[in-house]
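J.: After the sequence you'll find the predicted model.
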Amino acid sequence: PVQVHYATHPTGPLPAVDLDVAATAAPYLDTIAGLRELLDDLPRRLADVTRCGLPDTLIHGDLHLGNVIRGADGRLTIIDWGDSAVGHPAFDIIRLTSRVDDPEPLIAAWAARWQQSRPGCDPLRAVELLRPVAALRDAMVYAAFLDAIEPSEWPYHAADVPANLRRAASMVV
């Protein structure tokens, strides 16, 4: 099976965050155009991400506007760190901007900060490469969720896995 280690440690991949893409995608390989090709291309895609030169960092894992609050003093605070892990920082900016009308200015500002602190890195390329991987990760998160919820709730979320797999496959040009 294809496994994606989206977090590493100097001693090697962190097994706690292995993502078994193949198991989640297997039932849909013949019905979602481009999914098999995306999975076959994952090793090359992830090697290209590594060449972008950004280090693994602490990532929130579920960074969206609902997990950012403004205090009485006007300062922003990121809350709900339950899905945090060590991983590629592009996962957070992809998630944060996924429902923003015009995400490019935020992504450009994020990339500029990385380029300033890590000259020679290519954060914009990393985002481009990881967008479909982030959608695959979302599919796996929903698959795990479906495995853990009561049967009466399953129909409300059954379409989440294939929807994210279709989204991932559609992002590959």
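T.: In hand now; what should we look at?
J.: any idea how far Leu58 lies from Cys52?
T.: To Cys52, Leu58 is 18 Å away according to C-beta to C-beta, to the nearest Å. Where C-beta positions appear, they are placed from N, C-alpha and C, glycine not excepted.
J.: same check, this time on Gly120
T.: 10 Å.
J.: Can you tell me the closest non-neighbouring residue to the residue nearest in space to the middle of the chain?
T.: Closest to where the C-alpha atoms of the chain average out (C-alpha atoms, centre = their mean) is Ala134, at 2.6 Å. Distances taken as C-beta to C-beta, 6 or more residues apart in numbering put Ile94 closest to Ala134, at 4.6 Å, once the chain neighbours are dropped.
J.: Can you give me the distance of the one you found to Gln115?
T.: 17 Å.
J.: next one: His64
T.: According to C-beta to C-beta, His64 stands 24 Å off from Gln115.
J.: which residues of the chain fall in strands?
T.: For the chain, strands defined by DSSP state E occupy the ranges 3-5, 8-9, 12-13, 18-20, 57-59, 68-70, 76-78, 85-87.
J.: Have a look at this protein and report its longest helix.
T.: Counting by DSSP state H, the longest helix found in the chain is helix 123-148.
J.: more crowded one of Gly120 and Cys52?
T.: A direct count of neighbours by other C-beta atoms under 10 Å for Gly120 and Cys52 places Cys52 higher, at 21 against 7.
J.: On the pLDDT front, check that one for me.
T.: With respect to pLDDT, Cys52 scores 97.
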